[in-house]
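Student: build me a model from this:
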Amino acid sequence: MSALPQVTLAIEWDNARDVAPVWVERHLAALEAELQRSRFSAPPFVTYLYDSARVSEAAIQAQIGAHAAKLGDLAQLALRALPGGDYYGLKTAGVLGASSQLVVLVDCDTVPQPGWLAALLAPFADPEVVAVAGFTTVACDDFVSRVCALAWVYHLPSEADARLQKNAMHTNNLALRRDYFRAHPWSWPRGGKKGGAQFLRDVAANGRRWVRAPNARLLHAPHRSAAQFVLRGWNAGADQDWSARRKVGDARAARAGYALRHFARNASRALVRVIAKRREVGMPAWQLPAALALALAHWSATLASQLACAVKR
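Tutor: I've put the predicted structure just below:
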């Protein structure tokens, strides 16, 4: 196996508060194992970025020591505090402060699968490529996680090679060139988690290339409960209204129309997938009514929140 180029892995520690602790533990162990499997032309950098108002450096160090004790030997490890930093703020700081030309953005609740990093970096052999989107799926082990896998924004493992929509990418599994990002940084709604898809649309608008790497696979932690999944839908409404304003303008009627179309498209997709693909995630037939109800509740919460934003802002 040829040596991988030097890379900075910029990893937010914001999502840790939203998932069961075991997923952060799995993330650390899997990242350590992936670095052990890989060979680099120069030692990689691993930087964990966190809001010091929410978590202490000592707490993160304790987690790393317990679940990835060799991480500091495999990479140049750093912990960087960013007081008040939100999800995209942490990621932005990670790219701008990177010590290498190539930067990989990962979340602390994702679990790298074997071969992930090599697959994500391979397309950069083409100097015209400025960004690479990996493939993230939701881990399934109970009812709520199965609904998340089918009805949320992610795809199933069997869909890795399918032709996906242009915005089917996620900033928990994204690599890019630092200097391009410095010249063309993304924008995002404060406290939100939408902006990566717009960034890739801007890449194309700027006449540059980005590609998908379907074999660069991560597992994403599921939501802890049905209530949290619905709440995530509500929180996504503000993100979607931000996106609507970029696409259709500030007029309230236009944004409300966008919200209704977004709901119709995503709710129908979710309901069809729950029915058609439940067996792929191991969902028994008797769970189907509750699964359909939860999927509809998630997207209804997004619609309600989005409409509220369109009316108030």
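Student: residue 48 looks like it's in a helix, true?
Tutor: No - assessed with DSSP: H, G, I helix; E, B strand; the rest coil, residue 48 is strand; it does not lie in a helix.
Student: what about it, distance to residue 185?
Tutor: Distance of residue 48 to residue 185, given as Cβ to Cβ, to the nearest Å: 21 Å. Any C-beta I mention is one placed from the backbone N, CA and C, and that applies to glycine too.
Student: for residue 6, same thing?
Tutor: From residue 6 to residue 185 the distance is 22 Å (Cβ to Cβ).
Student: quick one, what contacts the residue lying closest to residue 142 once chain neighbours are set aside?
Tutor: Excluding the flanking residues, the one nearest residue 142 by Cβ to Cβ, 6 or more residues apart in numbering is residue 222, at 7.7 Å. Residue 222 is in contact with 19, 138-142, 144-145, 148-149, counting by Cβ atoms under 8 Å, 6 or more residues apart in numbering.
Student: and with 7 Å instead?
Tutor: Residues in contact with residue 222 (Cβ atoms under 7 Å, 6 or more residues apart in numbering) are 138-139, 144-145, 148.
Student: go on, residue 146?
Tutor: Contact analysis of residue 146 by Cβ under 7 Å, 6+ apart lists 140, 281-283.
Student: chain center to whichever strand or helix holds it, what's the gap?
Tutor: Using DSSP states H and E, residue 146 sits in helix 143-151. The gap between where helix 143-151 is centred and where its chain is centred comes out at 16 Å by Cα atoms, centre = their mean, to the nearest Å.
Student: ok, back up a step: and of the contacts of residue 146, the nearest to residue 265?
Tutor: Comparing these against residue 265 with Cβ to Cβ places residue 281 closest, at 21.6 Å.
Student: count of neighbours near that closest one?
Tutor: For residue 281, the neighbour count with other Cβ atoms under 10 Å is 21.
Student: can you check residue 251 too?
Tutor: Residue 251 has 11 neighbouring residues, counting by other Cβ under 10 Å.
Student: now do the strands in the chain.
Tutor: 7-12, 45-50, 76-81, 102-107, 110-112, 129-138, 173-177, 209-220 (DSSP state E).
Student: can you put these in CSV and add mean pLDDT?
Tutor: Formatted as CSV, the strands of the chain follow (pLDDT from 0 to 100):
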stretch, mean pLDDT
strand 7-12, 97
strand 45-50, 97
strand 76-81, 96
strand 102-107, 97
strand 110-112, 97
strand 129-138, 94
strand 173-177, 95
strand 209-220, 93
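Student: could you point out which of those sits nearest residue 272?
Tutor: strand 129-138 (17.3 Å).
Student: what angle do the closest one and strand 209-220 make?
Tutor: Per axes from the mean of the first three to the mean of the last three Cα atoms, to 10 degrees, the angle that strand 129-138 makes with strand 209-220 is 20 degrees.
Student: show me what strand 129-138 is packed against.
Tutor: helix 116-121, helix 143-151, strand 173-177, helix 196-205, strand 209-220 (3 or more Cβ pairs under 7 Å, 6 or more residues apart in numbering; DSSP states H and E).
Student: now do that strand and strand 102-107, the angle between them.
Tutor: On the basis of the same axes, to 10 degrees, strand 129-138 is oriented at 20 degrees to strand 102-107.
Student: what does strand 129-138 contact?
Tutor: Under the criterion Cβ under 7 Å, 6+ apart, residues 110, 116, 120, 123-124, 145, 148-149, 152, 154-157, 160, 169-170, 172-177, 180, 200, 203, 208-214, 216-220, 222 lie in contact with strand 129-138.
Student: ranges for the helices of this protein?
Tutor: In the chain, the helices defined using DSSP state H lie at 21-37, 57-67, 71-74, 87-96, 116-121, 143-151, 178-183, 196-205, 226-248, 252-277, 288-312.
Student: least confident of those helices, on average?
Tutor: Here the helices of the chain differ in mean pLDDT, and the lowest is helix 196-205 at a mean of 78.
Student: measure how it sits relative to helix 87-96, angle-wise.
Tutor: Relative orientation of helix 196-205 versus helix 87-96 (the same axes, to 10 degrees): 50 degrees.
Student: what's in contact with helix 196-205?
Tutor: Applying Cβ under 7 Å, 6+ apart, the contact partners of helix 196-205 are 130-131, 133, 167, 169-171, 174, 184, 186, 210, 246.
Student: and for stretch 22-38?
Tutor: 4, 16, 44, 63-64, 67-68, 70-71, 74-75, 108-112, 114, 116-118, 221.
Student: so how far is residue 109 from the nearest residue to residue 141 once chain neighbours are set aside?
Tutor: Of all residues not flanking residue 141 in the chain, residue 222 sits nearest, at 7.6 Å (Cβ to Cβ, 6+ apart). As judged by Cβ to Cβ, residue 222 and residue 109 stand 10 Å apart.
Student: and for residue 5, the neighbour number?
Tutor: As a burial measure, residue 5 scores 15 neighbours (other Cβ under 10 Å).
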